[in-house]
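Asker: sequence unavailable; structure follows:
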């Protein structure tokens, strides 16, 4: 069975159980790009990501003899929840191995969906090794997060919905980790709408695809550093790799600043909670050169997931505000005399900046005996206002050290 036939079969299988997620127009992205931009809200899918599409399709296609022995998976969160929900919905036992550092909300949700959860190792690769051992010992079927034809076909149903909801779509932008979603979407569009440009987006700190495509085979990254754990995959899957080589979508990367600013934009302007990986397509529209993107016609950016730890969300919002020029942290040295701090704050008041926090330090060894350092955290109205504040303080004679 070829890929498009598999995707059609998956769509029929999933229709009664998977949500047809909405498309939301983004005016701010349209202004930035000069194209209509629509957000495909897979963050509003069951379990909060696109993952149940592939997981349910894979598990539902198992023969009864394998169903009786249960399924096992390894995941940091989204695939774990997708497998747990799908297996429970089908009356099948599921076991999931998660890294020790997995986000608590994802861990709790996976258990709530009915899986038995074990935390093993510090990385998803270590968890996957434990899952493989469990499968060998018990006969449970390993449900890989991306490296299986049924997984790719299930994820490809996203493309069918996009074509129904936005028939004249010209570009589809896809967050990319192991490649299951990109392979399914690109494969479906290659058959049904070959004029559509497909762009995969990776986090620059976990970008395994550019090197792998150049080498002609999946290559493992030596290390990964990114907040976007949903697309932090060290080596592309063999099955997705074959489809992606055949379809040849474009591939771009985005840094952590872009991811955090995109997450903040989705919250503020679209009223949508997304995780860093889920915001990758929006990050590409915000940060990548438009000539590089070569956008065509109406653009669809897939929001692949919304499962974010509230603690991480707090940090990412702060990072996003700083990256957007709306936070300013600076160290200012002033005289340790009565009225000096008041003078500094009065100068700040004239700039219109809002003071969020003030911390004094008299203990740094480089300070003179009559000096004090003040760490200021300010809220500004954007990059231009931030620069105005810095200029005003410098013109008033203050020496500043801006904190990253």
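Answerer: Thanks, I have the structure now. The shown structure was predicted, so the numbers you read here are calculated from the model rather than taken from an experiment.

Asker: burial count for residue 273?
Answerer: When counting by other C-beta atoms under 10 Å, one arrives at 17 neighbours for residue 273. (Glycine included, C-beta is placed from N, CA and C.)

Asker: correct me, but it touches residue 310?
Answerer: No: when contacts are counted by C-beta atoms under 8 Å, residue 273 is not listed as touching residue 310 (10.0 Å).

Asker: off-centre distance for the lowest-mean-pLDDT helix or strand in the chain?
Answerer: Here the helix or strand of the chain ranked lowest by mean pLDDT, DSSP states H and E is helix 310-323, holding a mean of 79. With C-alpha atoms, centre = their mean, to the nearest Å as the basis, helix 310-323 stands 14 Å off its chain's centre.

Asker: residues in contact with that helix?
Answerer: 103, 105, 227, 256-261, 263-264, 267, 273, 276, 308, 327-329, 379 (C-beta atoms under 8 Å, 6 or more residues apart in numbering).

Asker: which among these end up buried?
Answerer: Buried subset of the contacts of helix 310-323 (neighbour count, 16 or more other C-beta atoms under 10 Å): 103, 105, 227, 256-261, 263-264, 267, 273, 276, 308, 327-328.

Asker: so which of these belong to strands?
Answerer: In strands, judged by DSSP state E, the following of the buried ones among the contacts of helix 310-323 are found: 327, 328.

Asker: now do the helices in the stretch 151-300 of the chain.
Answerer: Using DSSP state H, counting those that start in this stretch, the helices of the stretch 151-300 of the chain run over 180-192, 209-215, 238-247, 256-270, 280-287, 290-293.

Asker: and those: which comes nearest residue 55?
Answerer: helix 180-192 (10.4 Å; C-beta to C-beta).

Asker: tally up the residues packed near residue 283, please.
Answerer: 31.

Asker: wait, isn't it in contact with residue 261?
Answerer: Yes: counting by C-beta under 8 Å, residue 283 touches residue 261, with 7.1 Å between them.

Asker: one step back: got TSV for the helices of the stretch 151-300 of the chain, with distance to residue 367 too?
Answerer: Shown next, in TSV, are those (distance: least, C-beta to C-beta, whole Å):
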stretch	distance to residue 367
helix 180-192	54
helix 209-215	47
helix 238-247	57
helix 256-270	32
helix 280-287	39
helix 290-293	47
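
Asker: how about the ones you listed in JSON lines, adding mean pLDDT and distance to residue 372?
Answerer: Putting those into JSON lines (pLDDT from 0 to 100; distance: least, C-beta to C-beta, whole Å) gives the following:
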{"stretch": "helix 180-192", "mean pLDDT": "98", "distance to residue 372": "54"}
{"stretch": "helix 209-215", "mean pLDDT": "95", "distance to residue 372": "49"}
{"stretch": "helix 238-247", "mean pLDDT": "97", "distance to residue 372": "58"}
{"stretch": "helix 256-270", "mean pLDDT": "93", "distance to residue 372": "32"}
{"stretch": "helix 280-287", "mean pLDDT": "98", "distance to residue 372": "39"}
{"stretch": "helix 290-293", "mean pLDDT": "95", "distance to residue 372": "47"}
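
Asker: closest to residue 142 out of those helices?
Answerer: Closest approach to residue 142 among the helices of the stretch 151-300 of the chain (C-beta to C-beta): helix 238-247, 13.7 Å.

Asker: can you list contacts of that closest one?
Answerer: Under the criterion C-beta under 8 Å, 6+ apart, residues 3, 146-149, 151-152, 178-180, 182-184, 186-187, 189-190, 198, 200, 209, 212-213, 216-218, 236 lie in contact with helix 238-247.

Asker: just the buried residues from these, in ChimeraX please.
Answerer: The ChimeraX selection below is limited to those of those classed as buried (16+ other C-beta under 10 Å):
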select :3,146,147,148,149,151,152,178,179,180,182,183,184,186,187,189,190,198,200,209,212,213,218,236
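
Asker: who does residue 402 form a beta bridge with?
Answerer: Residue 402 forms beta bridges with residue 330, as assigned by DSSP bridges.

Asker: so it touches residue 390, yeah?
Answerer: Yes: because the distance of 7.1 Å satisfies C-beta under 8 Å, residue 402 is recorded as touching residue 390.

Asker: the two - which one has more neighbours?
Answerer: Each of residue 402 and residue 390 has its neighbours counted (other C-beta under 10 Å); residue 390 has more, 19 against 10.

Asker: contact partners for the more buried one?
Answerer: Residue 390 neighbours (C-beta under 8 Å, 6+ apart): 328, 330, 400, 402.

Asker: element containing it, please.
Answerer: Assigned by DSSP states H and E, residue 390 belongs to helix 383-395.

Asker: mind listing the strands for the stretch 1-150 of the chain?
Answerer: Here the stretch 1-150 of the chain has its strands, by DSSP state E, counting those that start in this stretch, at 23-25, 37-41, 71-74, 94-98, 116-119, 141-142.

Asker: which one of the ones you listed lies nearest to residue 300?
Answerer: Of all the strands of the stretch 1-150 of the chain, it is strand 37-41 that lies closest to residue 300, at 5.0 Å by C-beta to C-beta.
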